[in-house]
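Novice: Below are the sequence and a predicted model; questions follow.
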Amino acid sequence: MSKSYKYFLFALLLIIIDQIIKLWMHYVVVPQHFGNIDIINGVFKLHYVTNKGMAFGIELGGDYGKLLLTSFRLVAMVAIAWYLNYQANKAPSNGLLWAIAAILAGAIGNVIDSIFYGVFIEGNAPFDAPYPWFHGQVIDMFYFYFADGFWPNWIPIIGGNYHSTPIFNFADACIFCGVVAILLFQKSFLEMKPMDDEIVKELTDEVIGEEDESTKEDNQQ
């Protein structure tokens with residue numbers, strides 16, 4: 001059995017959680033609570049919005065902009081899955097593999113929205129979309145009040161201007177946490193993991209076997 005299976009199962013669990021939250025927001029929170037639920041008054045709430053572009057509402061223009069974005073996400077998803085499996089078989093730090101699995105889950109979670117939501121969720125695809133497949137809008141819901149308002153001048157680039165809080169979803173949070181974990185702990189993640197006893201035994205047996213063969217050849221000569 002591949003050493004990567006537990007990390008893919010972890011990614012699958014995160015994907016299921018992401019989709020449950022999004023569909024619950026659409027089918028329960030929107031009709032029953034008008035798309036808003038205060039979790040911590042004045043701090044955090046669930047606020048239903050749809051996003052047809054990338055993070056922070058950035059979009060690729062034209063009829064095929066969304067198709068290109070979704071295609072890019074698919075390629076990235078496959079690349080991350082391959083890299084996760086590759087790294088798992090090299091036996092690096094478990095922390096790195098869990099972080100990559102979280103990033104993979106986030107990528108797949110938003111790809112599902114982009115590919116299928118325009119078809120299976122009524123009204124999700126933009127009215128000007130040439131076709132619903134690959135034009136689904138990603139559902140976002142996590143809203144923190146404290147990010148709204150004028151940001152201090154000392155903050156580079158964005159300081160001194162008014163900014164509304166970016167609304168994100170569980171898949172985005174998985175990607176963010178995975179990336180931050182890799183950045184913060186990259187030194188420990190990238191250190192060589194000691195080989196376990198089974199691998200050491202296999203290598204030792206292989207070396208001893210090669211030495212025995214060499215000894216036999218010398219004796220025959």
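Specialist: Looks like it came in fine.

Novice: any idea how far Lys22 is from Ile139?
Specialist: From Lys22 over to Ile139 the distance is 4 Å, taken as C-beta to C-beta, to the nearest Å. (Each C-beta comes from the backbone N, C-alpha and C, glycine too.)

Novice: Mutual contacts of the two, please.
Specialist: Shared contacts of Lys22 and Ile139, defined by C-beta atoms under 8 Å, 6 or more residues apart in numbering, are found at Asp113, Asn169.

Novice: Let me see the domain layout of this protein.
Specialist: Annotated domains of the chain cover 5-190, 197-221 [automatic domain parsing].

Novice: deepest of those domains, which one?
Specialist: Most buried of these by mean neighbour count (mean count of other C-beta atoms under 10 Å) is domain 5-190; its value is a mean of 16.

Novice: pLDDT on that one, on average?
Specialist: Per-residue pLDDT values over domain 5-190 give a mean of 87.

Novice: Phi and psi next, for Thr50.
Specialist: With angles defined as degrees, to the nearest 10, Thr50 shows backbone torsions of phi -120, psi 150.

Novice: which non-adjacent residue is nearest it?
Specialist: Closest residue to Thr50 apart from its sequence neighbours, by C-beta to C-beta, 6 or more residues apart in numbering: Gln137 at 3.8 Å.

Novice: do the same with Ala125
Specialist: Gly118 (3.3 Å).

Novice: Does that neighbour touch Pro130 like I think?
Specialist: No - using C-beta atoms under 8 Å, Gly118 makes no contact with Pro130, being 10.8 Å away.

Novice: From Ala11, how far off is the residue nearest to Thr50?
Specialist: Counting by C-beta to C-beta, the gap from Gln137 to Ala11 is 23 Å.

Novice: Same question for Ala107.
Specialist: Shown here: Ala107 relative to Ala11, a distance of 9 Å by C-beta to C-beta.

Novice: what's the spacing between stretch 129-146 and its chain's center?
Specialist: With C-alpha atoms, centre = their mean, to the nearest Å as the basis, the distance from the averaged C-alpha position of stretch 129-146 to the chain average is 16 Å.
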